[in-house]
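Trainee: Take a look and give me a structure for this.
(one chain, ligands or ions: 1)
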Amino acid sequence: MSQRARIVALVSALAVVVAAVVGYELAVRPSATTSTSASRSAAPAAPSQRPTADAENTPAGDSSILVVYFSRTEGVYGGDLTVGNTARIAQMIQERTGADSYEIVPLADYPSDYQETTEVAQEELDADARPEIRDPLPDVSGYDTVFVGAPIWWGEYPMVVRTFLDAVDLNGKTVIPFTTHEGSGLGNTQQQLEAQYPQATVLDGLAVRGSQAADAQPDVDAWLENLGL
Ligand SMILES: Cc1cc2nc3c(=O)[nH]c(=O)nc-3n(C[C@H](O)[C@H](O)[C@H](O)COP(=O)(O)O)c2cc1C
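Mentor: As a prediction, this is how the structure comes out:
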């Protein structure tokens, strides 16, 4: 089976599982969704879920490390979240390293439904689209290390992350991918960074299963320590 066929099979399987779980929750355990979201709301807040003003999404420039990430709380496999899976990992990296952060927020939001999001994402992938980013891009010139994190979509960085990668020059810097996923690991994110920035030093990335993002601090710490950060 080709890699593309495997990804199609994986995403289709995810959709079936989500439909089964959601159907079960609604039909059999109507209160379960409520209690899940109640316990999730006790989780720590993300650094910036949806910044409303440009200034809130402008890195301070205090650090030589920048964490760039894209993450969603709706249309996510397994149901809505209070904090996006990738945002959680970004926050852990930021807290541990004292890095600045920048959230990639698409100008046009994706559907709030998971299945619809997978369809829009596939259309964007097929069209090699570059969806617009809402906020001004950060000035990356002062950073020597840049983490680029995202959920895996169809085995790759979501195309809005490609918009970001096309718009900034990370050559000459240390660039490190991180992802959350439901089976694809890092997908082709590391290869994407290597292809995009031949003069960058691309270090080994971290892939965390989305459902385990909240408990990933030890893995994040060990990974950062391994990288010498
Ligand atoms: C459009 C779309 C495509 C996805 N494709 C994959 C995939 O190819 N492989 C995989 O392991 N997970 C896939 N997933 C699952 C997400 O990577 C996973 O749920 C992730 O943790 C979501 O993170 P976020 O909350 O930061 O957006 C996909 C999810 C969506 C919405």
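Trainee: what stretches of this protein score poorly on pLDDT?
Mentor: Along the chain, segments meeting pLDDT under 70 span 1-3, 7-55.
Trainee: and it, which of its residues are near the ligand?
Mentor: Selection of the chain residues close to the ligand by C-beta under 6 Å from any ligand atom yields 7, 10-11, 71-72, 75-77, 81, 84-87, 114, 117-118, 121, 151-155, 180-184, 210. The way it works is simple: take the backbone N, C-alpha and C, and place the C-beta from them, glycine included.
Trainee: again, 5 Å this time
Mentor: Within the chain, the positions adjacent to the ligand are 7, 11, 71-72, 76-77, 84-86, 117-118, 121, 151-155, 180-184, 210 by C-beta under 5 Å from any ligand atom.
Trainee: Can you tell me which of these end up in strands?
Mentor: 151, 180, 181 (DSSP state E).
Trainee: could you dump those residues to a markdown table with distance to residue 101?
Mentor: Converted to a markdown table, these look like this (distance: C-beta to C-beta, whole Å):
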| residue | distance to residue 101 |
| --- | --- |
| 151 | 16 |
| 180 | 16 |
| 181 | 21 |
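Trainee: Highest neighbour count among the residues you listed?
Mentor: Among those, residue 180 has the most neighbours (other C-beta atoms under 10 Å), with 28 neighbours.
Trainee: give me the beta-bridge partners of it?
Mentor: residue 151, residue 208 (DSSP bridges).
Trainee: Can you tell me which of the residues of the chain next to the ligand are buried?
Mentor: By neighbour count, with 16 or more other C-beta atoms under 10 Å, those hold 7, 11, 71-72, 76-77, 84-86, 117-118, 121, 151-155, 180-182, 184, 210 as buried.
Trainee: All the helices of this structure, residue numbers only.
Mentor: 3-27, 32-40, 85-97, 114-126, 159-167, 189-196, 217-227 (DSSP state H).
Trainee: Distance check, whatever residue of the chain ends up closest to the ligand against residue 135.
Mentor: Closest approach of the chain to the ligand (C-beta to the nearest ligand atom) occurs at residue 210, with a separation of 2.6 Å. Applying C-beta to C-beta, to the nearest Å, the value for residue 210 to residue 135 is 24 Å.
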